[in-house]
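1. Just a sequence and a predicted model for now, questions to come.
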Amino acid sequence: MKKVQEAESFVFASSERQRMRHVPLRSGGVRMTAHAGGGKFEEGIDFEVDYDAGYIARTSASRIPDWSEHALSGVTAFDHTQYPSYTNRDYTVYATYQYEEAEEALKAVDVSDSESHAANGFGDLAADPLAGLREKLVRGGEIVYAVLGDSISAGGDAGEPALAFFGRLAAWIEETHPGCRVTIENRAIGGETSEGGAARVATDIVPLRPDLVTVGYGMNDQNKYEHGNGVPLEDYKRNIRQMVDAISEAGDAAVILVTPCEPNPLWKHTSGQIGEYAEALRAIGRDRGIPVGDAHAAWMRALAAGKTPESLLLNNINHPNNYGHDLYFEAMKSAFNQSKRV
């Protein structure tokens with residue numbers, strides 16, 4: 001089956017080759033644009049593609065900025081406050097291309113989804129946790145989608161709100177349910193931890209009477225400081241449960257928990273424990289019968305497939321670029337679809 005990979009992100013250092021998520025079809029070529037300004041780059045002049053092995057590289061004479069000249073190239077345990085510019089905004093490019101998805105790969109995806117479905121705790125006898133929302137979608141009309149979380153949920157460093165995961169999710173719901181109109185009420189706050197979310201969920205989310213709420217915390221909770229993590233893991237679990245309880249007790253809103261992506265491992269505040277925070281959300285999802293948009297798992301698959309932290313994080317610290325937000329969206333869509341299988 002022929003498919004299109006839209007806007008896969010890359011950050012190139014010198015002429016070092018990078019693996020693509022899929023082996024591109026030579027017949028379709030590769031189109032590449034810059035994140036900053038949307039400028040276009042030409043194959044054979046600015047970049048070269050190995051269509052047999054699925055690799056891509058910047059040419060020596062390329063107009064694509066060279067990340068090896070970035071102020072943080074080769075720097076470990078960096079403190080971003082000590083640099084006038086630390087982002088990857090000017091270095092990030094997006095490649096769009098066609099690829100052939102084999103039948104065996106499709107089967108593997110289906111198996112993976114089933115395993116994730118089971119891991120989230122939605123066994124054969126469990127009730128669909130999104131059943132109420134699905135009924136509303138069938139009836140049509142306005143769906144109020146409340147977004148609770150930190151700067152990632154606020155859309156930090158997405159090119160525009162429509163490209164942030166919540167914008168993509170809302171558009172997908174409207175596309176698959178033409179009679180619905182999704183109103184996004186974004187109450188996410190940059191820099192916030194789960195402590196802040198637990199403190200304000202009753203005043204900022206409940207009065208909205210939402211039909212759907214996504215809860216996305218963990219990135220700032222895991223930050224490492226001299227006194228320890230921003231929010232210790234056990235306190236984080238308590239805060240997430242408190243938010244879930246407040247939303248569930250106030251109405252019939254569907255809740256989806258969102259696991260955080262990996263921050264840059266070279267940033268001084270990266271604790272290396274964000275996987276534990278992600279697993280805590282999965283465990284709460286299993287315990288409460290709540291779908292989990294497992295962006296962390298999707299992120300780890302991307303890294304294992306050859307993506308670099310720089311190619312996924314626009315601010316070079318902890319904010320996904322457009323492609324990173326698409327990974328979040330695909331995880332959300334998977335959670336939405338998996339819960340339907342019960």
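-> All right, it came through fine.

2. okay, how far is it across stretch 251-265, tip to tip?
-> Its start and end residues considered, stretch 251-265 measures 40 Å (C-alpha to C-alpha, to the nearest Å).

3. How about stretch 70-77?
-> Start-to-end span of stretch 70-77 (C-alpha to C-alpha) is 15 Å.

4. do stretch 38-45 as well
-> End to end - C-alpha to C-alpha - stretch 38-45 spans 17 Å.

5. same deal with stretch 51-62?
-> 19 Å.

6. domains of this protein?
-> 2-100, 127-338 (the TED database).

7. helix or strand right after the helix or strand of the chain with the lowest mean pLDDT?
-> Within the chain, no helix or strand scores below helix 103-119, which has a mean of 47 by mean pLDDT, DSSP states H and E. Sequence-wise, the next helix or strand downstream of helix 103-119 (DSSP states H and E) is helix 131-139.

8. Contacts for that next one, please.
-> By C-beta atoms under 8 Å, 6 or more residues apart in numbering, the surrounding residues in contact with helix 131-139 are 128, 143, 173, 177, 179-180, 211-212, 252, 254, 340. From N, CA and C alone the C-beta is placed, and that goes for glycine too.

9. Which ones among those lie within helices?
-> I173 (DSSP state H).

10. that older thread, please produce a markdown table containing the domains of the chain, extended by mean pLDDT and mean neighbour count.
-> A markdown table is the format used below for those (pLDDT from 0 to 100; neighbours: other C-beta atoms under 10 Å):
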| stretch | mean pLDDT | mean neighbour count |
| --- | --- | --- |
| domain 2-100 | 97 | 16 |
| domain 127-338 | 98 | 20 |
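
11. mind listing the strands for the stretch 1-150 of the chain?
-> Assigned by DSSP state E, counting those that start in this stretch, the stretch 1-150 of the chain shows strands spanning 2-11, 18-19, 30-34, 40-41, 47-50, 55-58, 92-100, 141-149.

12. so V215 is in which element?
-> Assigned by DSSP H and E, V215 falls in strand 212-216.

13. Now do that strand: which elements does it pack against?
-> Counting contacts by 3 or more C-beta pairs under 8 Å, 6 or more residues apart in numbering; DSSP states H and E, strand 212-216 packs against strand 141-149, helix 233-250, strand 254-258.

14. Kindly export the first one (C-alpha atoms) in PDB.
-> If I follow you right, that is strand 141-149. Output in PDB follows, covering the C-alpha atoms of strand 141-149 (Å, rounded to 0.1, in the frame of the first residue of the first chain):
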ATOM      1  CA  GLY A 141     -23.300  19.100  17.500                       C
ATOM      2  CA  GLU A 142     -20.700  20.900  19.600                       C
ATOM      3  CA  ILE A 143     -18.100  19.000  21.500                       C
ATOM      4  CA  VAL A 144     -16.200  20.900  24.100                       C
ATOM      5  CA  TYR A 145     -12.600  19.700  24.300                       C
ATOM      6  CA  ALA A 146     -10.600  21.000  27.400                       C
ATOM      7  CA  VAL A 147      -6.900  20.800  27.400                       C
ATOM      8  CA  LEU A 148      -5.100  20.600  30.700                       C
ATOM      9  CA  GLY A 149      -1.400  20.400  31.000                       C
END
